[in-house]
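Participant: Sequence and computational prediction follow.
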Amino acid sequence: MKCLNSGIRFQDTSIIFIQILHIIFMHRKTLYILFTLMVVLQTQGYSQSAGWNNNGGNPLRNGFSAVSGPESDSVLWEVPSPGLFGTPVFIEDNYLVTMRFQSMTDAPVVCYQLNTGTLLWSVDVTNASGRSLPVGIRDGRVFVVRLTESQNDTLYALDVTNGSYLWTADATVAPYISESAVFDATGNLYIGGFQKTFKINAETGQTIWETTTVPMASGSGELAVNTSNNTGYTLEQSGGISYLWATDLTNGVKKYSKIVNDLQPGGNVPQSALMVGQNEIVYVQLTEDNIAAFSDDGSQFNLLWQTTIFGNSAFSLMCVDNDDAVYAPTGGRLVRLDGLTGDTLALSAYIGEGGLFTPRISASNNNFIYATTGEDSVFAFDKSLNKIWSAYLPNSNTSGVSLAPNGLAVVTGANIIRVYTPKTFTYRSEIDQSAIILYPNPTADYCIIKADQRAMGKRYRLVGVAGQTILAGILWTGTQYLDLSAVPSGTYYLTIDGESRSPAVIKQ
C-alpha cells in the first residue's frame with residue numbers, strides 16, 4: 001500500500017459551471033411537466049437485483065440488470081422536480097433516490113415512491129453549505145455525502161423510509177459528483193476518499209480498512225467488486241501513467257497492477273470508471289483514447305485486447321450485456337464489441353447531439369440497451385444497436401437509465417423525473433379508434449389502463465374465464481389503476497362498453 005504520486009483531480013465546481021453554461025446557451029425550451037399523477041398504487045416489496053446503472057447497482061459496476069426493461073416509451077409517471085440537470089438514480093424496493101441540483105448550496109437528496117411518483121422526503125445534509133450527494137442504497141439505508149469538495153467530506157446513512165439520520169461514518173470521503181459507492185455480497189460499502197479507498201461497515205459506519213488509491217481524474221476512481229475472487233479493481237495513476245490495480249477485499253492489501261497504455265498521442269484521459277463483465281474480464285475505458293480488456297489469473301493481469309475509440313466521452317459509462325458484449329461510446333455513436341476479442345459487432349446511428357456526448361449505458365435481460373446522451377435524449381436499442389425508441393429528456397447529464405427489480409426504468413433531467421414501464425399491450429377501439437394501453441402485462445400485482453380522451457366515460461370490467469366480474473369502473477381519467485394484488489393468478493379479460501373484443505390480462 002505504497003503512496004503513489006498525486007494525480008490531477010478536476011473540481012466539481014469547474015464541471016458544474018460548464019454544465020450550467022451549457023444549459024444557458026442551449027437555446028432550447030426546458031420541458032416543464034405539469035402532469036400530476038392521480039392514481040394511488042400499492043407499495044410493492046422487491047429485493048435489489050443487479051439493478052440501477054449508477055456505476056454501483058451491481059458489484060461489478062457493469063450496467064447489466066437481470067430484469068426485463070421497457071420495450072416502448074410507455075411512461076408510468078413523470079413529475080416536475082426542480083433541478084438544472086439529471087443525476088444518477090438509486091433504487092431499492094419501492095424507493096427511488098436521487099439528488100436535485102439547483103445551485104452549489106441547494107442540492108437536496110430526495111426520495112420518491114417508485115411506483116407512484118409520490119415525494120416521500122427531501123433532506124439537505126449540508127445545512128445549505130454544499131450538495132447532498134447520494135452514493136448508494138442498500139438494506140433500507142441511503143448513503144449520502146456532504147459534498148463540499150474539501151477532500152474530507154462527511155458520509156451519512158439515512159433511513160430510506162423517512163430520511164432520518166442513522167449514523168455518521170468515522171472516515172471522511174471524497175467522491176466526485178458523478179461517482180457512487182459499491183457493495184459486496186454481505187453489504188459492506190466501498191467508497192473513495194482523498195487518495196484512499198475505504199471499506200465501511202454499512203450497519204455502523206465504522207471503517208474496516210483503508211488503502212491508498214490515486215485516481216487519474218475525477219469520475220474514474222471507483223472500485224469494482226468481484227466477489228467470486230474476493231478482489232476489488234481500481235484505475236489509478238503514477239506519473240501520468242494509468243495503472244489497473246487489484247486489491248484484496250478482506251484486508252485492503254494491494255496485490256498487483258498493470259499499465260493501461262495509451263494508443264494515441266494526447267490520449268490517456270480516464271474520466272470513466274472501469275467495470276467487470278459477467279465473464280470476470282476487467283474493462284477499462286480511457287476517455288479520449290481506447291478500451292482495454294484484461295483477464296485476472298489471481299497473480300497478474302493479462303491484456304486480452306485494446307481497441308481505439310474516438311471522441312471525447314468523459315463521465316460516460318460502458319456496459320456489458322448478458323452475452324458478455326461491451327457497449328461503449330465512439331464518435332457520437334454507440335459501439336458493440338465482442339467481450340473476448342474486441343471485434344466490432346455493431347454500430348449505432350449518430351446520436352451525439354449538441355456536442356457534449358456523455359452516454360451512460362445500461363443493458364437488460366430482455367436484450368434491450370438503454371442510453372442517455374448527457375444532452376436531451378434517452379434511447380432504447382436492440383443488441384444490433386438499431387434504435388427501438390427514443391424520447392426527449394432535457395439535459396440528462398449524468399443520469400443513466402436505472403432499471404428497478406420490477407423492470408421499471410427511471411431517468412432524470414432538468415426539472416423532471418420520469419419512469420417508464422415494461423410489458424405494454426395496445427388495444428385500439430373498433431368503434432372510435434381510441435387507443436387503450438395496458439401495462440404491465442403480464443403483471444404480478446397491478447395493471448395500468450391508459451386511455452385517450454375519446455375513451456373517457458366508458459365503462460370497463462375485468463372478467464374471469466367464466467365471465468365473473470373481478471373489477472369494474474369507469475375510464476374517468478387518462479390513467480386508471482387496477483389493484484390485482486388479491487386476484488389469483490390466471491388469465492382475465494378487459495371488456496369495455498360497446499367493444500366486441502376483450503384484450504387478455506395475465507396475472508402471474
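Facilitator: Right, received. Where do you want to start?
Participant: For burial, what's the neighbour tally of Asn94?
Facilitator: Counted by other Cβ atoms under 10 Å, the residues lying close to Asn94 total 22. C-betas here are computed from N, CA, C, even on glycine.
Participant: same check, this time on Leu334
Facilitator: A total of 26 residues lie near Leu334 under the criterion other Cβ under 10 Å.
Participant: And the pLDDT at the closest residue to it other than its chain neighbours?
Facilitator: Excluding its sequence neighbours, the residue lying closest to Leu334 (Cβ to Cβ, 6 or more residues apart in numbering) is Ser348, at 4.2 Å. Looking at Ser348, its pLDDT is 97.
Participant: before we move on, what about Asn279?
Facilitator: pLDDT recorded at Asn279 is 94.
Participant: got it, and Tyr176?
Facilitator: 91.
Participant: Let me know the helix or strand that it is in.
Facilitator: Counting by DSSP states H and E, there is no helix or strand that carries Tyr176.
Participant: and it, what are its phi and psi?
Facilitator: Note on Tyr176: its backbone torsions stand at phi -80, psi 160 [degrees, to the nearest 10].
Participant: my guess is it meets Phe194, correct?
Facilitator: No. If you go by Cβ atoms under 8 Å, Tyr176 and Phe194 don't touch, sitting 11.7 Å apart.
Participant: Who has more neighbours out of the two?
Facilitator: More crowded of Tyr176 and Phe194, by other Cβ under 10 Å: Tyr176, with 26 against 15.
Participant: Find the nearest non-adjacent residue to that one, please.
Facilitator: The shortest distance from Tyr176 to any non-neighbouring residue, by Cβ to Cβ, 6+ apart, is to Ser218 (4.1 Å).
Participant: For Pro134, see how far away that neighbour is.
Facilitator: Using Cβ to Cβ, to the nearest Å, Ser218 is found at 18 Å from Pro134.
Participant: What is the burial count for the closest residue to Met318 other than its chain neighbours?
Facilitator: Nearest non-adjacent residue to Met318, counting by Cβ to Cβ, 6+ apart: Ala328, 4.6 Å away. Residues lying near Ala328 (other Cβ under 10 Å) number 22.
Participant: so Ala328 bridges to which residues?
Facilitator: Val335 (DSSP bridges).
Participant: Share the number of residues neighbouring Glu336, please.
Facilitator: Quick fix: residue 336 reads Arg, not Glu. Look at Arg336: counted by other Cβ under 10 Å, it has 22 neighbours.
Participant: what's the answer for the one 5 residues further on, then?
Facilitator: Residues near Thr341, counting by other Cβ under 10 Å, number 12.
Participant: In contact with the residue lying closest to it once chain neighbours are set aside, which residues are there?
Facilitator: Sequence neighbours aside, Trp305 is the residue nearest to Thr341 in space, at 6.0 Å (criterion: Cβ to Cβ, 6+ apart). Applying Cβ atoms under 8 Å, 6 or more residues apart in numbering to Trp305 gives the contacts Ala292, Ala293, Thr341, Gly342.
Participant: Name the secondary structure element that contains Trp305.
Facilitator: Going by DSSP H and E, Trp305 is in strand 301-308.
Participant: what residues does the helix or strand following that strand touch?
Facilitator: Using DSSP H and E, the helix or strand that follows strand 301-308 in sequence is strand 319-320. With Cβ under 8 Å, 6+ apart as the test, strand 319-320 has contacts from 53, 60, 62-64, 275, 277-278, 283, 326-327, 339, 361-363, 369.
Participant: that older thread, check for me that the residue nearest to Tyr176 belongs to a strand.
Facilitator: No. Counting by DSSP: H, G, I helix; E, B strand; the rest coil, Ser218 is not part of a strand but coil.
Participant: follow-up on the earlier one: what's near enough to touch the residue nearest to Met318?
Facilitator: Applying Cβ under 8 Å, 6+ apart, we find Ala328 in contact with Gln285, Ile291, Ile309, Ser313, Ser316, Met318, Leu334, Val335, Leu337, Ile361.
Participant: Distance to Asp497 and pLDDT for the residues you listed - can I get that in TSV?
Facilitator: Rendered in TSV, the data for the contacts of Ala328 read as follows (distance: Cβ to Cβ, whole Å; pLDDT from 0 to 100):
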residue	distance to Asp497	pLDDT
Gln285	56	90
Ile291	57	93
Ile309	57	82
Ser313	53	85
Ser316	51	90
Met318	51	93
Leu334	46	95
Val335	51	96
Leu337	53	97
Ile361	45	95
